[in-house]
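*Asks:* quick one: sequence and predicted model below, then my questions.
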Amino acid sequence: MICQTCKQDKEPDQFHNQDHVCDDCVFRIQRQYEEDTYAGLCPHQLPMDECSVCKNKGQRKDNPDDLLPNPGDYGKGSDGKWFGCPPARASDTDLPLIANLSGHQVIEHEDGTITVSPSILIAKHTGEQWHGYLERGFWREV
């Protein structure tokens, strides 16, 4: 498979996600993100709130008191189960969409971010829904 970022031929097990970006490029982009954050720029040299990729960076916030999470938060609740709150629009009740991730495989990375599989689908009885991925702490809607 060819990495869409570095254009190198890689083995299939060297890919981080379904976007055909190899693990090496994901780690390089993440390191650059951390270095540029102090300047308010994302790895794509855009202001954070203008970058369609980086504005969806989630924040790990374990929640031992089971308080209402903010959009973009993910972590473990008081019961030790993983939850996720995608950076979605406010719902009709102004409450964020929250996913119980106990039915998913959650991989915790050395930097504290997580990758969840399979995709996350949150649906409310009102018809509102969010469908996407949480990969190394970045939310991606499909």
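*Replies:* Ah, there it is. Numbers count the residues shown, from 1 in each chain.
*Asks:* tell me which helix or strand the nearest residue to L121 once chain neighbours are set aside sits in.
*Replies:* Distance criterion Cβ to Cβ, 6 or more residues apart in numbering; nearest residue to L121, sequence neighbours excluded, is H131 at 4.7 Å. For every residue, glycine as well, the C-beta is placed using N, CA and C. Using DSSP states H and E, the element containing H131 is strand 129-135.
*Asks:* which other helices and strands contact the next helix or strand after that strand?
*Replies:* Next helix or strand after strand 129-135 toward the C-terminus (DSSP H and E): strand 138-141. Here strand 138-141 touches strand 129-135, going by 3 or more Cβ pairs under 8 Å, 6 or more residues apart in numbering; DSSP states H and E.
*Asks:* tell me the buried residues in the strand it packs on?
*Replies:* Counting neighbours by 16 or more other Cβ atoms under 10 Å, one finds that the buried residues in strand 129-135 are 130, 132-135.
*Asks:* where does pLDDT dip in the chain?
*Replies:* Along the chain, the model assigns pLDDT under 70 to residues 4, 12-20, 29-45, 48-49, 52-54, 88-94.
*Asks:* now do the strands in it.
*Replies:* With DSSP state E as the criterion, the chain has strands at 59-60, 73-76, 82-84, 99-100, 105-108, 114-117, 120-123, 129-135, 138-141.
*Asks:* reformat these as CSV; add distance to R28.
*Replies:* Below are the strands of the chain laid out as CSV (distance: least, Cβ to Cβ, whole Å):
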stretch, distance to R28
strand 59-60, 21
strand 73-76, 23
strand 82-84, 25
strand 99-100, 29
strand 105-108, 19
strand 114-117, 17
strand 120-123, 26
strand 129-135, 15
strand 138-141, 15
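*Asks:* ok, which of the ones you listed comes nearest K10?
*Replies:* Closest approach to K10 among those (Cβ to Cβ): strand 129-135, 17.0 Å.
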